[in-house]
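Q: with the sequence up front, the predicted model follows.
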Amino acid sequence: MLAGTISGIVDAHVQQWNPRRTLWSRNPVARGYRFVPKVGDRLFSVAVPQAERDYVLTPHIIGRAYEPRHYGADIAPVAQVVGVGIESVVVSESYWRLGDVEEPDASRQAVDEIDYLQGLPFGVGVAPTLGAVMMRADPRAEGFEARLDAQRALSDRVRGIQVTATRHPDPKVRSAGPVDGMLASADFLSGVEKVAARGLAVEVFVYSHQLYDVITLAREFPDTTVIVDHFGCPVGAFGPVGLRTGTTAAARADILRLWRERMTSIAAERNVVVKLSGLAMPVLGYGREPWGNIGARETLTQMVGPLVQHVVGHFGASRVMFGSNFPIDKPNASIDTVIASLTEILEPWGDNVLGNVFRNTARHVYGITAPEHTRAG
């Protein structure tokens, strides 16, 4: 399906963590899993709010390590299914907090996080290479500029910042952003000036009702690449989530209508790039079972196909790239299922579109060079 079109896939959205290391050690579910997995299961259902539970579906995802060997096992079937494997990844810093955690030395912890990522065995054996890193950051924060420079000094793979600004009016849908309207606020835009001055990208995760804030950001910095994660994330588009989101067919149709309108508007901003990541995210409304809510590839293709076509049709393939969002999407679909589904949707568009979405756009946006592997042993 992809053989002869590209030599390998770039996965533009992967997360890595280890409950025994980095800021993840503060996660109560992770601490429970360190000792007895079943304790972690019970803790998850009792101590973790519904919004957090619905976001990941199972504590197995956030309570256990997910590093190159785990990712390598997940991507093993990809080459057999679509003809080529995954050669490089873009890692988004992903330390997970439940609630507000006081961070007395955020700059030091940020450096520790990138140091952790640098030490992981990417590019060894069959593991993909580490193509780029996007540092999790809030440009409004005190010491942001120092943190940015410290991470860049430690790794030449830092290509920008990733900002999670998700806020939702439904109290049972996870809101990870600190305030409403953050992306368009004066203090946020002032902080982004420091990113733009360094020629770095700004990657944002918002829900679909927040997408107009992305236009403000993109227009304020027309020479800076703005990356929209998870294709604008229309929460509840496929089924009920939270307390009252996507509960009826009419509500879901309205969610998708507004998503289309906003994505069409954003496409006019030529510095905006979209990730086809999070295609199997639980908050889209696939179901609340711990595993397997999507099932067959054909089901995923039927559900996300119209959305993928809308994105590619308005942005063009040179501004669209694939990302797995693993392991967050893992409970709903395997990576090979997601890639096979996306390939099937895009094949009618031709090799140029397939090549851009699965490889070329990410390599250009993140400045990824040819992969270098080291044989194990």
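A: On my side now, so go ahead.

Q: what about residue 146, neighbour count?
A: Residue 146: 12 surrounding residues under other CB atoms under 10 Å. Any C-beta I mention is one placed from the backbone N, CA and C, and that applies to glycine too.

Q: these two touch, right, residue 6 and residue 354?
A: Yes - Residue 6 is in contact with residue 354 according to CB atoms under 8 Å; the separation is 7.2 Å.

Q: name the SS class of residue 202, please.
A: Under the three-state scheme (DSSP: H, G, I helix; E, B strand; the rest coil), the conformation of residue 202 reads as strand.

Q: that one: what's it in contact with?
A: If a contact means CB atoms under 8 Å, 6 or more residues apart in numbering, then residue 202 has 160-161, 163, 192, 195-196, 217, 221, 224-227 as its contacts.

Q: so it bridges to which residues?
A: Beta-bridge pairing of residue 202 under DSSP bridges involves residue 161, residue 226.

Q: any figure for the gap between it and residue 84?
A: Here residue 202 is placed at a distance of 30 Å from residue 84 (CB to CB, to the nearest Å).

Q: repeat for residue 276
A: With distances taken as CB to CB, residue 276 is found 17 Å from residue 84.

Q: more neighbours: which of those two?
A: In this comparison of residue 276 against residue 84, neighbours counted by other CB under 10 Å, the higher total goes to residue 276 at 27 against 20.

Q: surely that one touches residue 319?
A: No - counting by CB under 8 Å, no contact exists between residue 276 and residue 319, whose distance comes to 11.1 Å.

Q: can you count the residues close to residue 302?
A: Close neighbours of residue 302, defined as other CB under 10 Å, add up to 12.

Q: same question, residue 156
A: 10.

Q: confidence score at it?
A: Here the pLDDT value assigned to residue 156 is 95.

Q: what's the answer for residue 113, then?
A: At residue 113 the predicted local distance difference test score is 80.

Q: what's around it, how many residues?
A: Summarising burial for residue 113: neighbours were counted as other CB under 10 Å, giving 24.

Q: likewise for residue 296?
A: By other CB under 10 Å, the residues close to residue 296 number 11.

Q: how close does it sit to residue 137?
A: Taking CB to CB as the measure, residue 296 and residue 137 are separated by 39 Å.

Q: repeat for residue 337
A: Counting by CB to CB, the gap between residue 337 and residue 137 amounts to 32 Å.

Q: also residue 235?
A: Per CB to CB, residue 235 is found 23 Å from residue 137.

Q: show me where the protein has its strands.
A: Secondary structure of the chain (DSSP state E): strands at 9-14, 86-92, 129-136, 158-164, 201-205, 226-228, 272-276, 320-322.

Q: and those as a markdown table, adding distance to residue 71?
A: A markdown table is the format used below for these (distance: least, CB to CB, whole Å):
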| stretch | distance to residue 71 |
| --- | --- |
| strand 9-14 | 6 |
| strand 86-92 | 8 |
| strand 129-136 | 11 |
| strand 158-164 | 18 |
| strand 201-205 | 20 |
| strand 226-228 | 21 |
| strand 272-276 | 17 |
| strand 320-322 | 15 |
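
Q: can I assume residue 137 is in contact with residue 143?
A: No - in terms of CB under 8 Å, residue 137 does not count as a neighbour of residue 143; the distance is 10.4 Å.

Q: so between those two, which is more surrounded?
A: Regarding residue 137 and residue 143, a neighbour count based on other CB under 10 Å identifies residue 137 as having more, with 23 against 13.

Q: low-confidence ranges, the chain, go.
A: When residues are selected by pLDDT under 70, those of the chain lie in 21-43, 95-110, 371-377.

Q: repeat that for 50
A: 35-36, 96-105, 375-377 (pLDDT under 50).

Q: and for residue 271, the neighbour number?
A: Other residues near residue 271 number 17, with proximity taken as other CB under 10 Å.

Q: now do the contacts for it.
A: Taking CB under 8 Å, 6+ apart as the criterion, residue 271 is in contact with 218, 221-226.

Q: who wins on neighbours among these?
A: residue 226 leads the contacts of residue 271 on contacts (other CB under 10 Å) with 25 neighbours.

Q: distance of that one relative to residue 364?
A: Spatial separation of residue 226 from residue 364 under the definition CB to CB is 15 Å.

Q: ditto for residue 255
A: Residue 255 sits 32 Å away from residue 364, going by CB to CB.

Q: these two: who's more crowded?
A: residue 255 (22 against 15).

Q: residue 139: how many residues sit nearby?
A: Under the neighbour criterion other CB under 10 Å, residue 139 is assigned a count of 22.

Q: my guess is it contacts residue 188, does it?
A: Yes - A contact is recorded between residue 139 and residue 188 when judged using CB under 8 Å, the distance being 5.7 Å.

Q: let me have the contacts of residue 271 in TSV, adding distance to residue 360 as columns.
A: Below are the contacts of residue 271 laid out as TSV (distance: CB to CB, whole Å):
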residue	distance to residue 360
218	22
221	24
222	23
223	21
224	20
225	15
226	19
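
Q: how about the contacts made by residue 88?
A: For residue 88, the contact set (CB under 8 Å, 6+ apart) comprises 8, 10-11, 128-131, 362-363, 368, 371.

Q: same question, residue 11
A: Taking CB under 8 Å, 6+ apart as the definition, contacts of residue 11 comprise 75, 86, 88-90, 128, 322-324, 326, 335.

Q: between these, which is closest to residue 262?
A: Proximity of those to residue 262 was ranked by CB to CB; the top entry is residue 323 with 19.9 Å.
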